[in-house]
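Novice: All I have is the shape, not the residue letters:
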Ligand code: OAD
């Protein structure tokens, strides 16, 4: 269906005038960059056990295995390029007055596409800290390092600064994301299965506070019944059209 017809008159009017936009992205936004998602049939959690690779218990049980898995993912991410969805979102930031991009992804592809301000709910793969004392680790992490380095302060194991299962999200980042959700007039949810909380709760916060919700995902999720429009296309296909339409609507105002 043509994008305008899919969105409907009420949503088109809101897209033309809304001042506050918020966006939540998940692994699906990076799928067309060649980065595996988690819960699709060929996703990472179909091949690996999250409790072994994405938890402190798993890390302490087998630090080398966990370290090498993240080194492999770092290699994939470094070889990847932002796709048209990342680029369209960077453009949207320039078009609307207040824009908050919230991501669950650790790949930094939004930043590489030009997004200025990104709230990383689950951390990122560039930063590291000590699993024991918590101090940030400043040493260089090259692809050849096959074992987790040791903390220069306490000798503890260094780990990537990503959020693992059972860990709290960075409090300041979550608070900013919740504020954006509460105040958004338009909330876009792109490429997430919406299975993992608190991230998955953000679109619902926005909905309860009166935002109009747009979902971009080839597959329905439990959020779909709340969405004012569901665009069943890949993000790299849908987002350039959607952002071009928003730009056009706003230039006619
Ligand atoms: P999932 O793998 O759970 O979901 C990916 C979603 O992207 C699915 O709903 C797919 O239908 C959709 N999708 C696939 N290809 C797409 C495309 N080209 N365009 C748009 N959508 C597409 O990934 P997340 O929801 O991001 O957490 O997972 C959330 C969290 O679970 C991750 O941040 C990670 C994982 O465990 C941690 O590691 C803490």
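Specialist: Okay, I see it. Fair warning: this is a prediction, and the values are worked out from it, not measured in the lab. Numbers count the residues shown, from 1 in each chain.
Novice: what about the longest strand in this protein?
Specialist: Using DSSP state E, we find that the single longest strand of the chain is strand 123-130.
Novice: ok, residues contacting that one?
Specialist: 70, 73-74, 77, 106-108, 135-137, 139, 141, 151, 153-154, 156-163, 170 (Cβ atoms under 8 Å, 6 or more residues apart in numbering). Glycine gets a C-beta too; all of them are placed from N, C-alpha and C.
Novice: Any residue of that strand touching the ligand?
Specialist: No. Residues of strand 123-130 contacting the ligand under Cβ under 6 Å from any ligand atom: none, with a closest distance of 8.3 Å.
Novice: What's the mean pLDDT across that strand?
Specialist: For strand 123-130, mean pLDDT is 96.
Novice: Can you point out the buried residues in that strand?
Specialist: 123-125, 128-130 (16 or more other Cβ atoms under 10 Å).
Novice: Can you name the element that comes right after that strand?
Specialist: Counting by DSSP states H and E, the element after strand 123-130 in chain order, helix or strand, is strand 158-162.
Novice: angle of that following strand against strand 123-130?
Specialist: Strand 158-162 runs at 150 degrees relative to strand 123-130, counting by axes from the mean of the first three to the mean of the last three Cα atoms, to 10 degrees.
Novice: now for strand 158-162, which elements pack on it?
Specialist: Under the contact criterion of 3 or more Cβ pairs under 8 Å, 6 or more residues apart in numbering; DSSP states H and E, strand 158-162 touches helix 63-79, strand 123-130.
Novice: Touching it from outside, list them.
Specialist: Residues contacting strand 158-162 (Cβ under 8 Å, 6+ apart): 54, 59, 66-67, 70, 106, 122-125, 127-131, 136-137, 139, 148-151.
Novice: And the helix or strand containing residue 239, what's buried?
Specialist: Secondary structure assignment for residue 239, by DSSP H and E: helix 235-251. Buried residues in helix 235-251, counted by 16+ other Cβ under 10 Å: 235-240, 242-243, 245-246, 249.
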